[in-house]
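Engineer: I would like to see how this sequence folds:
(2 chains)
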Amino acid sequence: MYKQILSRIRTYEEAQKLIEEIELINEAIFSKESSEVEVVLKSRVRLWVADALREDWKDGNVQKEEYLRDLKSRLENLKVLDLVLAFEPTDTSIDKFFNFVTENLGEGVVLNITLDKSILGGAKIIWEGRYRDFTLLRVFDEEFRSRKEEIISLLSESGNTSKSS
Amino acid sequence: MKLLSESMILYIAILVFIALTLLLTALVIAYLRLVNKYLELKEAKEKGVDPEELLSAARIKSQKILEEAIIRANKIISQSQVFLEEHNKDLLQILNKVSEMYAKRYQESLGLVQEEAIKMLQNIPNDLKVFMVSAIDGFRETLTKEVEKTQKEVADSLRESIIAAQHEIERYKEERKREIDERIVEYVAEVTKRVLRKEISIDEHEKLVLKALEEAKRQGIFKS
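Structural biologist: As a prediction, the model looks like this:
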């Protein structure tokens, strides 16, 4: 139970989206109309989420209300790995990162991805209060700082060369 | 002159004093004789002698003594006058001699002083000329030295100012060059970043992120 749904949740954003959908379904459960839940599943919830819920609810013994509360609780308690990236990741990119996380940190972890193009490449990583800067910008700045004199010298030389020619 | 007149007055005073003393002595002797006569008369009276006779005899005697005394006094005074006259003559002679001597010497000294003064007056233009020439030479020399010193100081000061200005220009140039170099480096860095942003593909981005995750794992930040 929940495995099919939770395996699809790779990011914090996706988890929040799912929590919103759960709340909508929950509201439908408490409405007077018994068909209201199905209406919500068809019209206000993503297809894969609706399919996964129907699959889990096939067994008539499942208490939908309890199921949803438990699922919401699990989603709210997922651990978050913050990643600051220089590009907007594709679905494939997220899969690659998520697979790494699952392999190395286990299940129950989602990625919280934010975009900052100034970092050029690489990532800033924050995990359980620990921060690391593995950005291309940091490497670039360090390299420029350490080789500043060399670069100035090269620029001067090229300037002199262009003048003499 | 004043000294002479003072000594003369002293002589006269001594002579007058002697005359008066003699006169007084005569008077005292006459008085004593009179007293003696009075006592003799009294005694004679007591013995039966005529006092009238005694008195007249005493009167005659005392008059005689007085006359003698006056004569003697007059004699002394006349003698003193003679002395004075004689000495006055001597004194006048001496005074004249001394005056003549002083006058002569004064004339001689005056002559010498005049000669010296003339010489001095004659020498003044020459001395003054020599002194003025020397003073002007000294002044010229001092002035020349001062002008040279001032010229040197001004030249040194100018040289120092020029050197300082050159240093300042060099420093400014270096500073500006440094600033320009730093701006160029910043600009190059910015251009490089822009190029990198454009040139890095998604695939490369993914690889960089996975590499970052691997590095984080290697550094142990995923360990709980």
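
Engineer: what does chain B have sitting close to chain A?
Structural biologist: Residues of chain B lying near chain A by C-beta under 8 Å from any C-beta of the partner chain: B:181-182, B:184-185, B:188-189, B:192-193, B:196-197, B:200, B:202, B:204-206, B:208-213, B:215-217, B:219, B:221-222, B:224. To be clear about C-beta, it is placed using only N, CA and C from the backbone, and glycine gets the same treatment.

Engineer: any of these buried? List them.
Structural biologist: Listed as buried from the residues of chain B next to chain A are B:181, B:185, B:189, B:193, B:196-197, B:200, B:205-206, B:208-210, B:212-213, B:216-217, B:221-222; burial here means 16 or more other C-beta atoms under 10 Å in any protein chain shown.

Engineer: residue A:57 versus residue A:66, what's the distance?
Structural biologist: To residue A:57, residue A:66 is 11 Å away according to C-beta to C-beta, to the nearest Å.

Engineer: in chain A, what residue is nearest chain B?
Structural biologist: For chain A, the residue closest to chain B is residue A:134, as judged by C-beta to the nearest C-beta, at 3.4 Å.

Engineer: pretty sure that residue is in a strand, no?
Structural biologist: Yes. Assessed with DSSP: H, G, I helix; E, B strand; the rest coil, residue A:134 lies in a strand.

Engineer: quick one: contacts for it?
Structural biologist: For residue A:134, the contact set (C-beta atoms under 8 Å, 6 or more residues apart in numbering or on different chains) comprises A:122-125, B:211-212, B:215-216.

Engineer: need the residues you listed in TSV (columns: distance to residue B:23).
Structural biologist: Below are the contacts of residue A:134 laid out as TSV (distance: C-beta to C-beta, whole Å):
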residue	distance to residue B:23
A:122	160
A:123	161
A:124	156
A:125	160
B:211	165
B:212	162
B:215	161
B:216	161
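
Engineer: out of those residues, what pair is the most spread apart?
Structural biologist: Farthest apart among those by C-beta to C-beta are A:124 and B:211. That separation is 13.5 Å.

Engineer: what's the longest helix in chain B?
Structural biologist: The longest helix of chain B (DSSP state H) is helix B:51-199.

Engineer: could you export whichever helix or strand comes after it as PDB, CA atoms only?
Structural biologist: Remark: after helix B:51-199, the chain's next helix or strand is helix B:202-218, criterion DSSP states H and E. In PDB, the C-alpha atoms belonging to helix B:202-218 read as follows (Å, rounded to 0.1, in the frame of the first residue of the first chain):
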ATOM      1  CA  ILE B 202      21.700  19.800 -20.000                       C
ATOM      2  CA  ASP B 203      23.600  16.600 -20.200                       C
ATOM      3  CA  GLU B 204      26.700  18.400 -18.900                       C
ATOM      4  CA  HIS B 205      24.600  20.000 -16.200                       C
ATOM      5  CA  GLU B 206      23.300  16.700 -15.100                       C
ATOM      6  CA  LYS B 207      26.800  15.300 -15.000                       C
ATOM      7  CA  LEU B 208      28.000  18.200 -12.900                       C
ATOM      8  CA  VAL B 209      25.100  17.800 -10.400                       C
ATOM      9  CA  LEU B 210      25.700  14.000 -10.100                       C
ATOM     10  CA  LYS B 211      29.300  14.800  -9.600                       C
ATOM     11  CA  ALA B 212      28.400  17.300  -6.900                       C
ATOM     12  CA  LEU B 213      26.200  14.600  -5.200                       C
ATOM     13  CA  GLU B 214      29.100  12.100  -5.400                       C
ATOM     14  CA  GLU B 215      31.400  14.600  -3.900                       C
ATOM     15  CA  ALA B 216      28.900  15.300  -1.100                       C
ATOM     16  CA  LYS B 217      28.600  11.600  -0.400                       C
ATOM     17  CA  ARG B 218      32.400  11.300  -0.400                       C
END
